[in-house]
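*Asks:* give me coordinates for this.
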Amino acid sequence: MKQGIHPDWHHDTKVTCSCGNTFTIGSITDTLQVDICNKCHPFFTGELKFVDRQGRVDKFKKKMEAAANRQKTRKAKRSDDQQSEAKSYREILREQQAAMRKSSKDAAKAAQPAADTTADPDKTTSSAN
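*Replies:* This next block holds a predicted model:
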């Protein structure tokens, strides 16, 4: 066996369980903390015991509640959007075309007075038609 490459071995490592049971084993650490031992494990005791390590069940339940709330808000938002935008594509297209026509007429009206000022003042044009 090579020297200096192996961890230190402790023959008297103290193991402490969450139920209060303690015993000694051999390990590379001085102390160990465990959640379940042979005195409290359901297989050895024959009793059904619920073990929640670090609040995993509560954490999962919170995550599921948050997901359900997000789905509810998304559905509510979708229904609001659908109610406010109940127009068909045809109606939207017609509104856009009307807006374009109006803007082109406004641009044409704005361009006409500028064209009249550049015209020869001696010529008279009749715009009564």
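*Asks:* could you pull out the buried residues of the strand ranked longest in the chain?
*Replies:* Ranked by number of residues, the top strand in the chain under DSSP state E is strand 10-17. Neighbour counts using 16 or more other Cβ atoms under 10 Å place Thr13, Val15, Cys17 of strand 10-17 among the buried residues. (Each C-beta comes from the backbone N, C-alpha and C, glycine too.)
*Asks:* for the last one, what are its contacts?
*Replies:* Put plainly, it is Cys17. Val34, Asp35, Ile36, Cys37, Lys39, Cys40 (Cβ atoms under 8 Å, 6 or more residues apart in numbering).
*Asks:* show me which of the residues you listed is closest to Tyr89.
*Replies:* Distance to Tyr89, by Cβ to Cβ, is smallest for Asp35 among the contacts of Cys17, at 61.1 Å.
*Asks:* include pLDDT when you put the contacts of Cys17 into CSV, please.
*Replies:* Conversion of the contacts of Cys17 to CSV gives the following (pLDDT from 0 to 100):
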residue, pLDDT
Val34, 92
Asp35, 88
Ile36, 88
Cys37, 88
Lys39, 88
Cys40, 85
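*Asks:* centre of the chain to the helix or strand containing Lys61, how far?
*Replies:* Assigned by DSSP states H and E, Lys61 belongs to helix 56-84. From the chain centre to the centre of helix 56-84 is a distance of 10 Å (Cα atoms, centre = their mean, to the nearest Å).
*Asks:* any stretches of the chain with poor pLDDT?
*Replies:* 49-53, 80-86, 113-129 (pLDDT under 70).
*Asks:* how's it carved up into domains?
*Replies:* 10-45, 56-108 (automatic domain parsing).
*Asks:* out of those, which one sits most buried?
*Replies:* Compared across the domains of the chain, domain 10-45 shows the largest average neighbour count, a mean of 12 (mean count of other Cβ atoms under 10 Å).
*Asks:* span of that one from start to end?
*Replies:* 30 Å (Cα to Cα, to the nearest Å).
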